[in-house]
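# this one's structure only:
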């Protein structure tokens, strides 16, 4: 107040013209200061409005964007859903004490090491992602801790309540909620629109299959395995396992071996399981009947390579007996008579030359021979020279023992929507194959005895094949042991395929690591546990109706059993 009085007194002593000039300058200065202040205030308001708008936009992008559809199993059990979560990030330039902040965050984020956190808090730049997915509770604790320079943002994350179960089928999404593997990727368009998906798998059946294959991998010190359960009538995949596997909630923690889907992307020579198809081709072509005799005694060579049987035979066998004892020589002679054109036609019709029609990106096309000559025809008859996935084989067997109509594998509830029913084999061929498969499991010389689940009439075939090594040859120390079967064999409803990768012979198995020792027991245990859940009741195979259906003539083999009993 005294200053303004002094100024007024001074102006009063000035000449009038000079006083008016000073007053005008004072008014201009005051006006300029006022305008500047107004501009600064306006800029601050605009800045705050822009921040609020961005925050609102971020919130809307999470809360108002279409929520990704859920994934259910065939019985309505939740397999994948979207839940709220938070991303934690830091502005390293604002972190006042990175050492203290690291210790505080390490207590809140047990999944991260102090070294990892410190590296993020001290990195260059103004943004460092600490964790892209933390729970609301962890987020709240972090904010409450008051760590300067650490912030959070709401987001939506994908959650898989069954963790490892069906991880390869479900797949995963990335940070932007876009599917990158499995069903999440294959059905991305439907899921991103908010459409729910109902899969063909039954997570309870899936769990049983996974447990039984895991047990065999453990017992035989194998490196992995796979399994498939398929509905014969619809082609629906009720269970599909690949081991090792991973927790679907933590895909980033899984190694390449765990992420590899052995059931749909791994292609293998599946050995003597192919003899089922070879026998069906022989019967369906009209060139052979089950009672036709095959020379399995004479030496057999293809080029400079001999074809041998695991147990050499002393007398000729009929077509049915060739499959029961799993004779390579007998199968090769049958295929040699059929020739390449017939074999190729059936192999193609069964879908064994093209990639699987499944809605997941992890599918592989079979590896077919570059040339299809006599040698290839003979070796393919017993499962060498043609590599397919376990799902390929399961679908081909379902076709063969069903009604002969091509079975298209499906991961959606209800099966594949195909208006065309392609007949691969006749119903009569399928009818003749079923009792032979049952005798593979029940006959004393059958290779699949350990798959026999009492009351469920299991029929099937073992397979043991050497893996191809890095030089293109076969490794005698690395096998694929498998079993593919159907139950009940007189009226098949489900196909079960189990494969174990590189099992090692054990003392209790007399150092054998074959399909009969490794894969067949897993199938038996699985059926015993899962059949009631699949609404398959035990049957009385001694009933006249079933005995009539399952009759098959095995003269040489039955004669051996009678002679051995004396």
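Received, thanks. Predicted, not measured: the structure shown is a model, and the values here were computed from it. Numbers count the residues shown, from 1 in each chain.
# Quick one: mean pLDDT for stretch 176-193?
On average, the pLDDT along stretch 176-193 is 95.
# Show me what it is in contact with.
Residues from elsewhere that reach stretch 176-193, judged by Cβ atoms under 8 Å, 6 or more residues apart in numbering: 66, 68-69, 71, 80, 82, 156, 158, 167-174, 197, 199, 251, 259, 358-362, 411. Placement of C-beta: from N, CA and C, glycine included.
# Please convert the buried members of those into ChimeraX selection syntax.
The ChimeraX selection below is limited to those of the contacts of stretch 176-193 classed as buried (16 or more other Cβ atoms under 10 Å):
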select :68,69,71,80,82,156,158,167,168,169,170,171,172,173,197,199,251,259,358,359,360,361,362,411
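# Could you pull out the buried residues of stretch 257-271?
Buried residues in stretch 257-271, defined by neighbour count with 16+ other Cβ under 10 Å: 258-271.
# in the stretch 301-450 of the chain, which spans are strands?
Assigned by DSSP state E, counting those that start in this stretch, the stretch 301-450 of the chain shows strands spanning 305-307, 317-318.
# Can you flag the weakest of those by average pLDDT?
Looking at the strands of the stretch 301-450 of the chain, the weakest mean confidence is strand 305-307, a mean of 92.
# in that one, what's buried?
Result for strand 305-307 [16+ other Cβ under 10 Å]: buried residues residue 307.
# try stretch 450-457
450, 451, 452, 453, 455, 456, 457.
# Return the residues in contact with residue 437.
Here residue 437 is in contact with 276, 323, 401, 459, 460, 461, 485, 486, 489 (Cβ under 8 Å, 6+ apart).
# residues contacting the residue nearest to it when sequence neighbours are not counted?
Nearest residue to residue 437, sequence neighbours excluded (Cβ to Cβ, 6 or more residues apart in numbering): residue 459, at 3.2 Å. By Cβ under 8 Å, 6+ apart, residue 459 lies in contact with 401, 434-441, 485-487, 489, 492.
# what's the closest of those residues to residue 306?
residue 440 (24.9 Å; Cβ to Cβ).
# residues touching residue 238, list them.
74, 200, 201, 202, 205, 206, 229, 230, 231, 494, 534.
# give me the number of residues near the nearest residue to the first one once chain neighbours are set aside?
Distances taken as Cβ to Cβ, 6+ apart put residue 413 closest to residue 74, at 4.9 Å, once the chain neighbours are dropped. Other residues lying near residue 413 total 18 when counted by other Cβ atoms under 10 Å.
# Shouldn't residue 482 be within a helix?
No - remark: residue 482 does not belong to a helix; assigned using DSSP: H, G, I helix; E, B strand; the rest coil, it is strand.
# show me where pLDDT drops low in the stretch 301-450 of the chain?
418-419 (pLDDT under 70).
# Do a quick rundown of the helices in it.
Assigned by DSSP state H, counting those that start in this stretch, the helices in the stretch 301-450 of the chain fall at 319-324, 328-338, 340-349, 374-380, 390-401, 427-442.
# so which of those helices comes closest to residue 137?
Minimum separation from residue 137 across those (Cβ to Cβ) falls at helix 390-401, 41.1 Å.
# Which strands or helices does that closest one pack on?
Judged by 3 or more Cβ pairs under 8 Å, 6 or more residues apart in numbering; DSSP states H and E, helix 390-401 is in contact with strand 224-231, helix 275-284, helix 427-442, strand 474-487, strand 494-501.
# Now tabulate these in CSV and tack on distance to residue 551.
Output for the helices and strands packed on helix 390-401, formatted as CSV (distance: least, Cβ to Cβ, whole Å):
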stretch, distance to residue 551
strand 224-231, 27
helix 275-284, 16
helix 427-442, 6
strand 474-487, 18
strand 494-501, 23
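# most tightly surrounded among those?
strand 494-501 (a mean of 28; mean count of other Cβ atoms under 10 Å).
# That one pairs with which strands?
strand 224-231 (antiparallel), strand 474-487 (antiparallel) (DSSP bridges).
# quick revisit: need the strands of the stretch 301-450 of the chain in CSV (columns: distance to residue 528).
Listed next are these as CSV, based on distance: least, Cβ to Cβ, whole Å:
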stretch, distance to residue 528
strand 305-307, 37
strand 317-318, 32
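# Quick check: which of these is nearest to residue 151?
Nearest of the strands of the stretch 301-450 of the chain to residue 151, taken as Cβ to Cβ: strand 305-307 at 68.7 Å.
# Let me know how buried residue 392 is, in neighbour terms.
30.
# Can you tell me the closest non-neighbouring residue to it?
Using Cβ to Cβ, 6+ apart, the closest residue to residue 392 is residue 352 (5.7 Å).
# Tell me which residues touch the residue positioned nearest the centre of the chain, please.
For the chain, residue 168 is the residue whose C-alpha lies nearest the centre (Cα atoms, centre = their mean; 2.8 Å). By Cβ under 8 Å, 6+ apart, the contact set of residue 168 is 182, 240, 242, 245, 259, 261, 263, 264, 362.
# at 6 Å what do you get?
242, 261 (Cβ atoms under 6 Å, 6 or more residues apart in numbering).
# tell me the pLDDT at it?
For residue 168, pLDDT reads 97.
# what about the strands of the stretch 301-450 of the chain, which gets the closest to residue 540?
strand 317-318 (28.1 Å).
# circling back to that earlier point, got TSV for the strands paired with strand 494-501, with mean pLDDT and distance to residue 312 too?
Below are these laid out as TSV (pLDDT from 0 to 100; distance: least, Cβ to Cβ, whole Å):
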stretch	mean pLDDT	distance to residue 312
strand 224-231	98	31
strand 474-487	90	19
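# I'd like to know how many residues surround the residue nearest to residue 392.
The number of residues near residue 352, taken as other Cβ under 10 Å, comes to 22.
# Please tell me how far it sits from residue 331.
From residue 352 across to residue 331, the span is 16 Å (Cβ to Cβ, to the nearest Å).
# Residue 70 too?
Distance, residue 70 to residue 331, using Cβ to Cβ: 48 Å.
# Which one of these two is surrounded by more residues?
For residue 70 and residue 331, the more surrounded residue by other Cβ under 10 Å is residue 331, and the numbers stand at 29 against 16.
# who's in contact with that one?
275, 278, 381, 382.
# same question, residue 530
205, 208.
# All set, thanks.
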